[in-house]
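Trainee: sharing a model prediction with you, sequence too.
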Amino acid sequence: MNIVLLGAPGAGKGSQAKKIVEHFGLVHISTGDIFRKNIKEQTELGKQVEAYLERGELVPDALTVQVVQDRLSQADCQKGWMLDGFPRTLGQAGILDQKQRIDLVLNLTVDFGVVEARLVSRRVCPACGLVYNTQTYAESVCVCGERLVHRADDQSETVKNRLAVYQAQTEPLIEYYEKAGCIKNIDGMGSVEDVWERTREVLGATRNFLRAMTCGC
Ligand code: AMP
């Protein structure tokens, strides 16, 4: 199964993505994670994209598409993948359509006021990737022992910019995939577990549908 996960920054894509790939045995491809890893390691790609991430702007399509194509061409992606944070522009979506089969697009819907608050109070563990919220977790250290960080692009001004960029460039993808008839909206409000319950229902139904389509019975 090949899945695209859509949603505004802070909609909870990362948390749901972890559960989806674990449950369905898919390869998780997060363009944001790939960029951050490259920035941390100061690779050539990292140096090229660093300023975009700092400003909360999108990395140019050509560069982003190349990164995703390279990853999707690796052998492990044969078993199915989930793209988290890609595509983010109509241009990226068009290229993805030409190269890959997409079985399902999941769109996590959330209230903008809620995501802004979620992002500003989000803390992440740079070692194990766990995500916390200062409203529900007062500690400054992860359960794995690593000190939590407030991502530079989760600072208030950058968050506002990221949400504006999302509305202008990524939101049109919802209509694009609606026309293609492959998108399912999931209410992203509530706890990670609440949202996972809804997500699992949609994914289970899609998997059964795909099986029925391909088993020939
Ligand atoms: P994320 O962790 O998905 O919120 O991504 C963090 C940042 O990485 C974004 O604000 C962009 O600067 C960059 N980025 C991630 N995915 C893409 C994409 N598909 N196209 C362009 N830029 C991206």
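Mentor: Perfect, I can see it now. Residues are numbered from 1 along each chain as shown.

Trainee: what sits against residue 111?
Mentor: residue 189 (C-beta atoms under 8 Å, 6 or more residues apart in numbering). C-beta coordinates here come from the backbone N, C-alpha and C atoms, glycine included.

Trainee: where does the chain have low pLDDT?
Mentor: Along the chain, the model assigns pLDDT under 70 to residues 209, 212-217.

Trainee: what does it put close to the ligand?
Mentor: 9, 31-32, 35, 52-53, 56-59, 64, 85-88, 92, 153, 162 (C-beta under 6 Å from any ligand atom).

Trainee: could you rerun that using 5 Å?
Mentor: 9, 31-32, 35, 52-53, 58-59, 64, 85-86, 88 (C-beta under 5 Å from any ligand atom).

Trainee: my read is that residue 123 contacts residue 146, right?
Mentor: No - judged on C-beta atoms under 8 Å, residue 123 makes no contact with residue 146 at a distance of 11.0 Å.

Trainee: between those two, which one's more packed in?
Mentor: residue 123 (19 against 14; other C-beta atoms under 10 Å).

Trainee: is the more buried one in a helix, a strand, or coil?
Mentor: Using DSSP: H, G, I helix; E, B strand; the rest coil, the structure places residue 123 in strand.

Trainee: in space, what's closest to it - neighbours in sequence excluded?
Mentor: Leaving out its chain neighbours, the residue that sits closest to residue 123 by C-beta to C-beta, 6 or more residues apart in numbering is residue 148, at 4.0 Å.

Trainee: and residue 40, by the same measure?
Mentor: In space, residue 40 is closest to residue 46, 7.1 Å off (C-beta to C-beta, 6+ apart).

Trainee: show residues contacting the lengthiest helix in the chain.
Mentor: Using DSSP state H, we find that the single longest helix of the chain is helix 192-215. With contact meaning C-beta under 8 Å, 6+ apart, helix 192-215 is reached by 1, 3, 12, 15-16, 19-20, 23-24, 103-104, 106, 108, 184, 186-189.

Trainee: for the ligand, give me its nearest residue in the chain.
Mentor: Residue nearest to the ligand within the chain: residue 32 (2.2 Å; C-beta to the nearest ligand atom).

Trainee: for the host helix or strand of that residue, which positions count as buried?
Mentor: Assigned by DSSP states H and E, residue 32 falls within helix 31-40. Residues 31-32, 34-36, 38-39 are the ones in helix 31-40 that count as buried (16 or more other C-beta atoms under 10 Å).

Trainee: residues contacting residue 58?
Mentor: For residue 58, the contact set (C-beta under 8 Å, 6+ apart) comprises 52, 64, 88-89, 165, 169.

Trainee: before we move on, back to that, what's the most distant pair in the residues of the chain next to the ligand?
Mentor: Spatially, the most separated pair among the residues of the chain next to the ligand is 9 and 64, at 15.5 Å (C-beta to C-beta).

Trainee: fine by me, thanks again.
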